[in-house]
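Asker: Need a 3D model of the following:
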Amino acid sequence: MKALKMLGVAVLAVATALVVVDVTHSDSGTEKSVLCKAKESPCKEANVYPKGTKLKGLLAKGRKAELTLNIAGVPTTMRCQESAVEAETEAEKGEPQLPISLQEIVYTGCTWEGTACEVNTIQLPFRSYQSFDKEHQGDGSLEMFEAKVGSGQPGVVVHCKTATVKIECIYKSAEAGQGGALGEVSKYSVKGGNPATLEANGIPLKAVPGGAQTTCPGTEPKWSVAWLLETPKPLYDEYVVQE
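Answerer: Residues are numbered from 1 along each chain as shown. Next up, the predicted model:
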């Protein structure tokens, strides 16, 4: 996808926090995260999606990708009407988390107070990890970390200008102590289904002025988005037991 690679960070968004992982051991072995074709725990080997599985999603119907800020104590929101995400699994089974390369995040139709905005994603592809939720069968989470090539946190460059306020700022995921608790700031929820949903709900960001991007008004930037994963279908976050 060559279109504007927009806001997710925040995808966008999006994350360098260390994550505390609960490695579960059963009497017969270690439970390892997988993407499964069925809602079953553990996932049968025949239903495990293989390494190299492509994940593709579009903005969920009725939802918008949103960046919210507080400017002079007043909440304000930039909204994007369309979005797409693409990723690929880098293994069949996790160790215990399943590594996934987040390769594209595209946002279009972004506006703020009626003015068109440009938001360009930086540091793609992102390194991320999927974990199953044993208390909620078929569901899980996707945690985003550093860029796969070179170094640096995932983020976006935002360009917006209205009659009263201008934004030219780099937003990156907040680290522990800068907006969220350890392991919370970069976590996207996964709701298994046909299709599955990948969602961020108010992920805290941090403004990082740099270069020409020096106008970062407001406080408490947060990012929200929800994608329906049309490929593959069905999709559930499950586990297998490794001897």
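Asker: what helices or strands is the stretch of helix or strand residue 141 belongs to leaning on?
Answerer: Element membership for residue 141 (DSSP states H and E) is strand 140-147. Counting contacts by 3 or more CB pairs under 8 Å, 6 or more residues apart in numbering; DSSP states H and E, strand 140-147 is packed against strand 126-132, strand 187-191. Yep, even glycine has a C-beta here, placed from its N, CA and C like the rest.
Asker: The shortest one: partners in the sheet, and parallel or antiparallel?
Answerer: Think strand 187-191. Note on strand 187-191: by DSSP bridges, its sheet partners are strand 140-147 (antiparallel), strand 196-207 (antiparallel).
Asker: what about that strand, average pLDDT?
Answerer: In this model, strand 187-191 carries a mean pLDDT of 91.
Asker: Need the residues that contact it.
Answerer: 15, 19, 130, 138-144, 196-201, 203, 237 (CB atoms under 8 Å, 6 or more residues apart in numbering).
Asker: Please put the alpha-carbon coordinates of that strand into CSV.
Answerer: Extracted in CSV, the C-alpha atoms of strand 187-191 (Å, rounded to 0.1, in the frame of the first residue of the first chain):
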residue,chain,number,x,y,z
LYS,A,187,-1.6,-3.2,23.8
TYR,A,188,-4.3,-3.7,21.2
SER,A,189,-7.1,-6.1,22.0
VAL,A,190,-8.1,-9.0,19.7
LYS,A,191,-11.6,-10.2,19.6
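Asker: quick one, what contacts residue 110?
Answerer: Neighbours of residue 110 in contact, by CB under 8 Å, 6+ apart: 6-7, 65, 78-81, 116-119.
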